[in-house]
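Student: sharing a sequence plus its predicted fold:
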Amino acid sequence: YPFGYDIPLRAELYFDPGNRSESEQYRVQKTGLKINSTYQLSEKVNHQFSLSYERADIFGVKDHQIQEEIKIKEGIRIKRTIGYIYNRDTRDNVFAPKSGSNTLLRSEYAGFGGDDNYLLLQLSWARYITLREGLIYTSRIMLGGIGNLRENEDVLPHNRLFLGGGGSIRGFMEKGVGPKDKNGLPLGGKALFLMNFELRSHIFWKFWAAGFIDIGNLWGSIEQITPSQLRITGGWGLSFMTPIGPLRFDYAYHIRKLDPEAHTRWHLGVFYAF
């Protein structure tokens, strides 16, 4: 509790070996220190502040054209960041909410003499309404943007925004929405828009059914944003309530098919998408 105030302070050392998956441009091995402090303004509202120092070792850049375009060099990069999160959470239950809302504002600045220099801003708002006993309407909107503050440099792919998968736009693989390289691998983006609508209905015992529509896209820059590129998917889901939260199966199909390789997809997850 620094300076005599009731503000918990936590330090975290971490190591991420960076096992590369097929959706990544290169392997990043991360080692770092993060210091967090949370100020509980009220029962439902808190402010979180963070400072971090991270060493990223970059290996095996796949695409040499990308390597030239964004000036990736295999080796060590140092990132120093300061972050702030505002959270207002009035949900009646964190794992299976039936009423209330959740507002999250996140910002992160990287600089202070490090190799990365960018500003990230992200806002999300989710609402939960019980229409009648056993019938819940939920919705979410999310906006995000990131930009480099150093002239003649771009945000590296592992710092960019990603979209797609069971927690955002269902019907796509994880990180499957947005800019891709010539091999079809995600590059990440710098402007994000997402909307989710879901109707959850109790069937019997601990089983629930859901119908949903997901709308959104990820663009390479703010200037590229256009509504005609919004991906729209829909589907249905089945969930089983466990002591630690819902275990869910979602089946999604493409209402607006803008990607030739897109097809219906199953998603398995613990907890709801939002």
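Tutor: Received it, and whenever you're ready, just let me know what you need. Numbers count the residues shown, from 1 in each chain.
Student: quick one, helices of this protein?
Tutor: Applying DSSP state H to the chain gives helices spanning 64-69.
Student: so where is it shaky, pLDDT-wise?
Tutor: Scanning the chain for pLDDT under 70 picks out the ranges 1-6, 19-24, 62-74.
Student: can you show me the strands along it?
Tutor: Counting by DSSP state E, the chain has strands at residues 9-16, 27-40, 45-59, 75-89, 100-110, 118-132, 135-148, 191-204, 207-219, 231-242, 245-256, 265-270.
Student: which one, of the ones you listed, ends up nearest to D154?
Tutor: Closest approach to D154 among the strands of the chain (Cβ to Cβ): strand 135-148, 5.7 Å. Every C-beta, even on glycine, is put in place using the N, C-alpha and C of the backbone.
Student: and the closest one, what does it pack onto?
Tutor: Judged by 3 or more Cβ pairs under 8 Å, 6 or more residues apart in numbering; DSSP states H and E, the packing partners of strand 135-148 are strand 118-132, strand 191-204.
Student: how about the ones you listed in CSV, adding distance to N152 and mean neighbour count?
Tutor: Listed next are these as CSV, based on distance: least, Cβ to Cβ, whole Å; neighbours: other Cβ atoms under 10 Å:
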stretch, distance to N152, mean neighbour count
strand 118-132, 14, 16
strand 191-204, 20, 18
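Student: got CSV for the ones you listed, with distance to P246 too?
Tutor: Formatted as CSV, those follow (distance: least, Cβ to Cβ, whole Å):
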stretch, distance to P246
strand 118-132, 14
strand 191-204, 9
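Student: of these, which is nearest L104?
Tutor: Proximity to L104 (Cβ to Cβ) singles out strand 118-132 among those, at 4.9 Å.
Student: contacts for the closest one, please.
Tutor: With Cβ atoms under 8 Å, 6 or more residues apart in numbering as the test, strand 118-132 has contacts from 91-92, 97-111, 136-149, 155, 159, 161, 192, 274.
Student: of those, just the buried ones, ChimeraX syntax please.
Tutor: Filtering the contacts of strand 118-132 down to the buried ones (16 or more other Cβ atoms under 10 Å) takes a single ChimeraX command:
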select :91,97,98,100,101,102,103,106,108,109,110,111,136,138,139,140,141,142,144,145,146,148,155,159,161,192,274
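Student: if we can go back for a sec, possible to save the strands of the chain as a markdown table with distance to L185?
Tutor: Listed next are the strands of the chain as a markdown table, based on distance: least, Cβ to Cβ, whole Å:
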| stretch | distance to L185 |
| --- | --- |
| strand 9-16 | 20 |
| strand 27-40 | 13 |
| strand 45-59 | 16 |
| strand 75-89 | 20 |
| strand 100-110 | 24 |
| strand 118-132 | 21 |
| strand 135-148 | 19 |
| strand 191-204 | 18 |
| strand 207-219 | 14 |
| strand 231-242 | 18 |
| strand 245-256 | 20 |
| strand 265-270 | 18 |
